[in-house]
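Peer 1: Turn this into a model:
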Amino acid sequence: MSVTAGNESPPASWPSEERKQRMIRLAAQLQQLGVSRHLLPELVCYDLDMVEQQLIWLPARNARKKASMIVAAIRNNYEKPANFEE
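Peer 2: Numbering: from 1, shown residues only. This is a model prediction of the structure:
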């Protein structure tokens, strides 16, 4: 049985196509940093603007273990690093 039959729209709770594409792009960026594949679905369910911001700030954190740092930063919504220059 199909979730959507014929011309029916998916339920409103499903992410929009734009959000899905953003989630895929962010998951790819996280994976490139070495984040485990099994963590990706969790991390892209956080606020996507916050995830993107954490990726922007990551270089200023001077982390030796970038994957561990980005996971912690996303899960805990770390503040902007003091040494971050825009």
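Peer 1: center of this structure - which residue?
Peer 2: Of all residues in the chain, the one closest to the mean position by Cα atoms, centre = their mean is Val44, 3.6 Å from it.
Peer 1: ok, it touching Ala27?
Peer 2: Yes - between Val44 and Ala27 a contact is recorded at 5.2 Å, counting by Cβ atoms under 8 Å. Bear in mind the C-beta positions are built from the backbone N, C-alpha and C, glycine included.
Peer 1: thinking again about what came up before, now the residue nearest to the centre of the chain: how far from Glu85?
Peer 2: Going from Val44 to Glu85 by Cβ to Cβ, to the nearest Å gives 27 Å.
Peer 1: And Tyr46, by the same measure?
Peer 2: To Glu85, Tyr46 is 25 Å away according to Cβ to Cβ.
Peer 1: okay, those two: which has more neighbours?
Peer 2: Tyr46 (14 against 5; other Cβ atoms under 10 Å).
Peer 1: Is the more buried one in contact with Ile74, as I believe?
Peer 2: Yes - with contacts counted by Cβ under 8 Å, Tyr46 reaches Ile74, the gap being 5.5 Å.
Peer 1: List phi and psi for Ser36.
Peer 2: phi -60, psi 140 (degrees, to the nearest 10).
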